[in-house]
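Visitor: sequence and computational prediction follow.
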Amino acid sequence: MKKSLLTAIAFALLTPGLAMGQATTYTVNATLDVDDGTCDVTHCSLREALNAANGNAGTDTVAFNVPGQPPYEIFLASELPEVTDPAVIDGSTQPGFDLDAIVVLDGTNAGTGADGLHISAGNSTVRYLVIGL
């Protein structure tokens, strides 16, 4: 039994991505700023995607596939969760992207002094998002 456990640990340490966690893409498909605790194909807000990415070790991607017409505005009800694990938050993944940022974070209702997007994780990237009041 000890040998099996040691073999499993050695395999996990020598297998790229397994010990560190598999990089995952979480796709935002809703502009409503809610969090029911799940980021799935039925509903995934930016808040839910960031929480899911924070909970998964490794550099995850937050992509966008929001239905409707641009601009795709996300009106924040409160400060978003701090990004504490490396992530790529990529507005260019939104269908219809054409070198103009079409995903908009609006922090008007996020609260006085709230950060719209707070990243403490190194090796993170944010591209093609409009972040405004």
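Guide: Nice, I can see it. Numbering: from 1, shown residues only.
Visitor: now the helices for the chain?
Guide: Taking DSSP state H as the test, the helices found in the chain are 2-14, 46-54.
Visitor: compare those helices and say which comes out lowest on pLDDT.
Guide: Note on those: lowest mean pLDDT is at helix 2-14, with a mean of 34.
Visitor: where in the chain is pLDDT low?
Guide: Across the chain, the ranges flagged by pLDDT under 70 are 1-21, 133.
Visitor: tell me which stretches of it form strands.
Guide: 25-28, 60-64, 72-75, 87-90, 103-106, 125-127, 129-132 (DSSP state E).
Visitor: who does the second one pair up with?
Guide: Based on DSSP bridges, the pairing partners of strand 60-64 within the sheet are strand 25-28 (parallel), strand 87-90 (parallel).
Visitor: buried deepest among those, which one?
Guide: Greatest average neighbour count among the strands paired with strand 60-64 goes to strand 87-90 (a mean of 22), per mean count of other CB atoms under 10 Å. For glycine as for every other residue, the C-beta is placed from the backbone atoms N, C-alpha and C.
Visitor: contact partners of that one?
Guide: Strand 87-90 is contacted from outside by 50, 53-54, 59-64, 83, 117, 119, 121, 124-129, using CB atoms under 8 Å, 6 or more residues apart in numbering.
Visitor: now which of those residues would you call buried?
Guide: 50, 53-54, 59-64, 83, 117, 119, 124, 128-129 (16 or more other CB atoms under 10 Å).
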